[in-house]
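> kindly generate the corresponding structure for this input.
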Amino acid sequence: MAAQPHSGDAAPVFSSLDDYLAIPRVTALVLSPDGERLVCAAATLSSDRTKHVTSLWEIDPQGRRPARRLTWSPDGESSPALTPDGDLLFVSKRPGAARDASAAGAAEDVASVWVLPAGGGEASQIVASSGDVSAVRVAAGSGTVFVTAGMLPGPADADAARRKARKDAGVSALLHETTPVRHWDHDLGPEQSRLFVVENGAGAALRDLTPEPGRGLDEAGIAVSADGSLVAVGWRTPQGRGHVGRSLALIDTLDGSRRVLAESARDTRDTRDTRARTPSGGGSAATHSYDEPAFSPDGRYVVCVDEREADYDTAPSVTLALFDLASGQGRDLTPDFPLWPGSPTFSADSRSVFFVAEERGRAPVFKVDVDTGAIVRLTDDGAYTNLNVSPDGRFLYALRAAIDRPPTPVRIETDVADQSAAELGSPGRIGGVPGRVVEVQTNAADGMPLRAWLALPDAASASAPAPLALWVHGGPLMSWSSWSWRWNPWLLVARGWAVLLPDPGLSRGYGDEFVQRAWGQRGPVPFADLMAITDAAVARPDIDATRTAAMGGSYGGFMTNWIAGHTDRFKAIVSHASLWTLEHFTGATDHPAGWELEWGHPLERPERYELNSPSRWAARISTPMLVIHGDKDYRVPISEGLRLWSDLVRQGAEAKFLYFPDENHWVLKPGNAKVWYQTVFAFLDHHVLGAAWVRPPLL
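Purely as a prediction, here's the structure:
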């Protein structure tokens with residue numbers, strides 16, 4: 001179907017839950033190598049409103065024309081990539097499509113690679129495999145195409161036969177020999193992600209560059225050199241005792257050979273011996289993990305994110321590492337930068353690297369000079385992602401969001417500091433939110449400055465103060481710096497509430513000391529910070545200090561459980577996907593070894609489990625609680641929610657349990673998201689505003 005103009009750029013202000021669910025959600029942005037075409041991905045509601053479907057849209061780089069929709073399949077498209085000729089490649093499941101010989105016997109609904117010609121016409125399939133293709137990448141200079149796809153162990157050309165044999169035998173069992181065994185909401189294995197180079201054009205064969213990857217390519221950052229001769233990968237590297245890091249590896253695309261440019265390695269001796277090995281009694285020796293690689297256009301360098309991983313005593317920190325490909329030598333590119341850089345991208349002349357970093361509730365774009373290390377902040381107080389550099393070096397194209405604006409494509413000049421980015425046409429633009437946002441600031445007990453966003457209804461005033469909902473973010477190594485599709489405060493603001501969005505200890509964007517001060521004390525220190533910033537908020541004349549609630553998900557759920565056991569100042573608490581009994585959680589979560597870095601093993605070092613487990617204060621809880629959990633949540637397993645609910649029921653607490661049998665850490669289905677909000681609204685209205693309890697009609 002030919003592309004159609006987008007007529008929805010009128011940008012309405014949303015005021016209802018249905019309006020919110022209908023907003024297109026922009027999730028990706030790519031620029032063609034010649035700079036002429038800019039394409040984004042946007043998820044919109046299906047015609048029956050039961051799911052979000054992602055389609056691809058063309059954006060005018062000059063901002064003169066509205067966005068226009070390019071793809072329309074009912075199952076959606078993902079992973080857009082543009083060739084040097086301007087053709088659009090993408091991944092899609094399209095039942096009934098012709099399949100090549102390598103996919104014989106495979107299911108019809110496998111995701112494959114399609115091309116939409118720059119000159120117009122219908123999309124056609126160019127790459128198919130027996131396993132789902134997850135991503136497609138194109139070398140900016142040579143146009144060489146690379147794909148990642150899931151394959152069973154063994155030769156790729158026998159994959160379809162192995163799949164059929166498992167299916168015919170009715171086998172779904174998985175035999176694990178390494179950890180982890182699950183990730184977020186899915187089992188790991190027997191499929192492994194592999195990297196292929198596409199040969200011979202349309203109907204092409206896939207040449208396997210990683211025939212025995214193990215779990216090396218799981219969620220790996222992958223970059224392709226301009227000439228297509230090298231691929232840089234953040235290669236997942238087992239380190240013993242369940243620990244995993246990422247090494248920076250280079251894959252030669254001619255012969256598939258792989259060499260490690262920077263290795264991630266850890267001292268894996270028994271952690272019970274650490275008191276004898278380190279003066280502070282810490283855990284395993286620190287290591288580095290390398291990911292998000294990017295090549296310089298001239299082929300001289302690779303830059304990547306270098307995470308200096310945590311141990312028992314020391315919180316993690318992040319910098320950018322620059323490697324000279326000729327010598328193999330690397331160096332710290334941002335040694336004195338106080339924030340955590342990410343998403344590095346080279347300038348067109350290879351002399352600078354652009355990156356983003358969270359900073360005090362924002363995520364600006366920065367530029368660092370490769371030779372001098374000088375750093376300049378380029379943008380205003382938005383939150384930026386998906387950086388694309390124009391070939392002439394004059395502009396960056398990115399997605400910009402903010403607490404009160406969803407992601408939208410923008411253009412940034414590469415040589416202007418602290419600028420306001422120019423907005424481009426977008427399928428996801430809104431005209432505004434039903435309220436306003438301000439900042440609240442105070443100091444913690446130790447003198448550390450604290451801040452929060454406060455979303456307010458327009459009607460809030462000294463004569464009509466608004467009830468307040470404290471929302472605690474997840475992570476905890478993140479911040480309230482951008483628009484949220486998961487927990488959107490403006491839906492509550494539209495109902496007359498004020499929503500406080502604070503960044504307590506462990507939050508990113510405030511320097512390493514801000515994280516370190518709460519390391520190993522995930523309960524006590526952030527709790528004190530949250531109470532201090534709440535005190536500052538309720539001191540405002542437009543906030544009603546007598547009508548308050550607390551909410552949080554994931555780590556935020558952990559924190560609301562902690563709040564419930566340590567204060568009765570709130571009239572209601574909502575705890576979503578929350579941690580409750582830490583010594584049980586660490587063995588059941590999808591990546592157990594990661595938690596031991598901070599807490600040690602509960603049988604060897606129980607002190608921090610005893611200090612930080614909210615369940616130890618269950619008997620103190622008197623505030624009504626709404627517990628929410630999804631059965632497919634493998635990061636915080638359902639056992640945490642069930643145990644919390646059981647403990648509340650046992651002691652006769654006033655509580656409700658909203659359970660999603662088919663959702664994971666997030667509530668993704670539009671219908672389920674709607675009843676999530678409806679239940680939360682009803683619970684808060686009842687316990688905080690004194691309204692009668694009204695059960696959502698579909699529950």
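
> residue 427 against residue 69, yeah?
Yes: Residue 427 is in contact with residue 69 according to Cβ atoms under 8 Å; the separation is 7.2 Å. All C-beta atoms are positioned from the backbone trio N, CA, C, and that covers glycine.

> which of the two has more residues huddled nearby?
In this view residue 427 and residue 69 are compared by other Cβ atoms under 10 Å, and residue 427 has more residues nearby, 25 against 19.

> for the more buried one, give its distance to residue 674.
Going from residue 427 to residue 674 by Cβ to Cβ, to the nearest Å gives 22 Å.

> in the biggest helix by length in the chain, which residues are buried?
The longest helix of the chain (DSSP state H) is helix 670-689. By neighbour count with 16 or more other Cβ atoms under 10 Å, helix 670-689 contains the buried residues 670, 672-688.

> do me a favour and average the pLDDT over stretch 617-628.
Stretch 617-628 carries an average pLDDT of 97.

> which other residues reach that stretch?
553, 562, 564-566, 568, 570-578, 641, 644-645, 647-648, 651, 653-660, 676, 679-680, 683, 687 (Cβ atoms under 8 Å, 6 or more residues apart in numbering).

> for ChimeraX, write a command that selects the buried ones of those residues.
Buried members of these, defined by 16+ other Cβ under 10 Å, are picked up in ChimeraX with:
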select :553,562,564,565,566,570,571,572,573,574,575,576,577,578,641,644,645,647,648,653,655,656,657,658,660,676,679,680,683,687
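
> looking at the contacts of stretch 617-628, which are in helices?
Counting by DSSP H, the part of the contacts of stretch 617-628 found in helices is 562, 564-566, 641, 644-645, 647-648, 676, 679-680, 683, 687.

> ok, the residues you listed vs residue 183, which is closest?
Proximity to residue 183 was ranked across the ones in helices among the contacts of stretch 617-628 by Cβ to Cβ; first place goes to residue 641, at 19.3 Å.

> which residue comes closest to the closest one once chain neighbours are left out?
Distances taken as Cβ to Cβ, 6 or more residues apart in numbering put residue 629 closest to residue 641, at 3.0 Å, once the chain neighbours are dropped.

> given the helix or strand where the one you found lies, what are its sheet partners and their directions?
Secondary structure assignment for residue 629, by DSSP states H and E: strand 625-630. With DSSP bridges as the criterion, the sheet partners recorded for strand 625-630 are strand 572-576 (parallel), strand 655-660 (parallel).

> out of those, which gets nearest to residue 479?
Each of the strands paired with strand 625-630 was checked against residue 479 via Cβ to Cβ, and the shortest separation belongs to strand 572-576, namely 18.3 Å.

> give me the residues contacting the closest one.
Around strand 572-576, the neighbours that count as contacts under Cβ under 8 Å, 6+ apart are 549-554, 556-557, 560-561, 563-564, 623-629, 644, 680, 683-684, 686-688.

> was I right to think residue 224 contacts residue 145?
No: at 9.3 Å, residue 224 and residue 145 do not qualify as touching, with contact defined as Cβ under 8 Å.

> look up phi and psi at residue 331.
The main-chain torsion angles of residue 331 are listed as degrees, to the nearest 10 and equal phi -150, psi 160.

> which residue packs closest to it, ignoring adjacent ones?
Nearest in space to residue 331, with sequence neighbours left out and distances taken as Cβ to Cβ, 6+ apart, is residue 322 at 5.7 Å.

> what does the strand or helix carrying that neighbour contact?
Taking DSSP H and E as the definition, one finds residue 322 inside strand 317-324. For strand 317-324, the surrounding residues in contact (Cβ under 8 Å, 6+ apart) are 248, 261-262, 290, 300-308, 329-335, 337, 340-342, 344, 353, 355, 368, 370, 512.

> let's see 7 Å
261-262, 290, 300-308, 330-335, 337, 340-341, 344, 353, 355, 370, 512 (Cβ atoms under 7 Å, 6 or more residues apart in numbering).

> and the residues you listed, which of them are buried?
Applying a neighbour-count criterion of 16+ other Cβ under 10 Å, the buried members of those are 261-262, 290, 301-308, 330, 333-334, 337, 340-341, 344, 353, 355, 370, 512.

> quick check: beta-bridge partners of the residue lying closest to residue 127 once chain neighbours are set aside?
Distances taken as Cβ to Cβ, 6+ apart place residue 113 nearest to residue 127, at 3.7 Å, with adjacent residues excluded. Residues in a beta bridge with residue 113, per DSSP bridges, are residue 91, residue 127.

> also residue 198?
With DSSP bridges applied, residue 198 shows beta-bridge pairing to residue 206.

> who are the contact partners of it?
Applying Cβ under 7 Å, 6+ apart, the residues contacting residue 198 are 127, 145, 146, 147, 204, 206.

> so what pLDDT did the first one get?
Put plainly, it is residue 127. For residue 127, the pLDDT comes out at 88.

> please apply the same query to the one 4 residues further on.
Residue 131 is assigned 95 on the pLDDT scale.

> same deal with residue 200?
The pLDDT attached to residue 200 in the predicted structure is 71.

> show me what contacts it?
For residue 200, the set of contacting residues under the criterion of Cβ under 7 Å, 6+ apart is empty.

> domain ranges for the protein?
Each structural domain of the chain that the record assigns through automatic domain parsing is listed here as a residue range: 214-333, 348-432, 436-688.

> weakest of those domains in terms of mean pLDDT?
Comparing mean pLDDT across the domains of the chain, the lowest value falls on domain 214-333: a mean of 86.

> packing partners of the longest helix of the chain?
helix 17-22, strand 466-472, strand 543-553, strand 572-576, strand 625-630, strand 655-660 (3 or more Cβ pairs under 7 Å, 6 or more residues apart in numbering; DSSP states H and E).

> ok, which of these comes nearest residue 55?
The closest of the helices and strands packed on helix 670-689 to residue 55 is helix 17-22. By Cβ to Cβ, the value is 14.3 Å.

> tell me which residues in that closest one are buried?
Using 16+ other Cβ under 10 Å as the burial criterion, the residues of helix 17-22 that qualify are 17, 20, 21.

> stretch 522-539 now?
522-523, 525-534, 536-538.

> what about those residues, which are in helices?
By the criterion of DSSP H, membership of the buried residues of stretch 522-539 in helices covers 525-534, 536-538.

> want to throw those residues into CSV with distance to residue 585?
Written out in CSV, the entries for these read as follows (distance: Cβ to Cβ, whole Å):
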residue, distance to residue 585
525, 20
526, 17
527, 18
528, 23
529, 23
530, 21
531, 24
532, 27
533, 27
534, 26
536, 32
537, 30
538, 32
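
> and which of these is nearest to residue 480?
Using Cβ to Cβ, these come closest to residue 480 at residue 533, 11.4 Å.

> how close does the closest one sit to residue 351?
Taken as Cβ to Cβ, the spacing of residue 533 relative to residue 351 amounts to 42 Å.

> rewinding a little: now do the strand holding residue 322: distance to the chain's middle.
Strand 317-324 has its C-alpha centroid displaced from the chain centroid by 21 Å (Cα atoms, centre = their mean, to the nearest Å).
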